[in-house]
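Asks: Pasting the sequence and the predicted model now:
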Amino acid sequence: MTSTAAPTPQQIAAVNAASTNGTTQVVQSNGQTTTGTKPAIIPGAVVPGTKPAVRFRVVRADVLTPVNGKSYLVVRVNGPKGNVKVRIRLVGARTTIKTIDRKIPTNKVVKIKNIKISAAVRSVRVSVVS
């Protein structure tokens, strides 16, 4: 049904009543009424433009320094069984000193090998790379 006159309160009430049965009627600003169906809501459906749920989480990322030894990094990532790729950023006072990508097993504390942590490193940031 299409009309060019402004909607009356009775028409608006009828539209609101009709929208509960699965079809929708929209009264536009120019007075026209359009009819359509409501989109189905499917739980767990992937909506375009959205990110999937987080599967992995970095639980621990610590620089350990023995009394008379070299500093080393330990990392733990929780998630599904298997390996995950992590990005390690060594951060100095003002900037990122070095960025390293490694694959590590999930659900266990892992010592990262072949990484030199100099005295200029103030903090370490670890993130999961998909």
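Replies: It's in.

Asks: list the contacts for the residue nearest the centre of the chain?
Replies: Centroid-nearest residue in the chain, with CA atoms, centre = their mean: Lys51, separated by 5.0 Å. Contact analysis of Lys51 by CB atoms under 8 Å, 6 or more residues apart in numbering lists nothing. (Each C-beta comes from the backbone N, C-alpha and C, glycine too.)

Asks: which regions of the chain lie under the pLDDT threshold?
Replies: Within the chain, the segments meeting pLDDT under 70 span 1-4, 15-47, 54.

Asks: Show me the helices in the chain, by range?
Replies: Counting by DSSP state H, the chain has helices at residues 9-18.

Asks: Pro105 - how many residues pack around it?
Replies: If you count neighbours by other CB atoms under 10 Å, Pro105 ends up with 13.

Asks: what's the answer for Val91, then?
Replies: Residues lying near Val91 (other CB under 10 Å) number 16.

Asks: ditto for Gly79
Replies: The burial count for Gly79: 16, using other CB under 10 Å.

Asks: And Phe56, by the same measure?
Replies: Phe56 sits with 17 neighbouring residues when counted by other CB under 10 Å.

Asks: That one: what's it in contact with?
Replies: Neighbours of Phe56 in contact, by CB under 8 Å, 6+ apart: Val77, Asn78, Gly79, Pro80, Val84, Thr106, Val128.

Asks: Just give the closest residue to it, not the sequence neighbours.
Replies: Closest residue to Phe56 apart from its sequence neighbours, by CB to CB, 6 or more residues apart in numbering: Gly79 at 3.6 Å.
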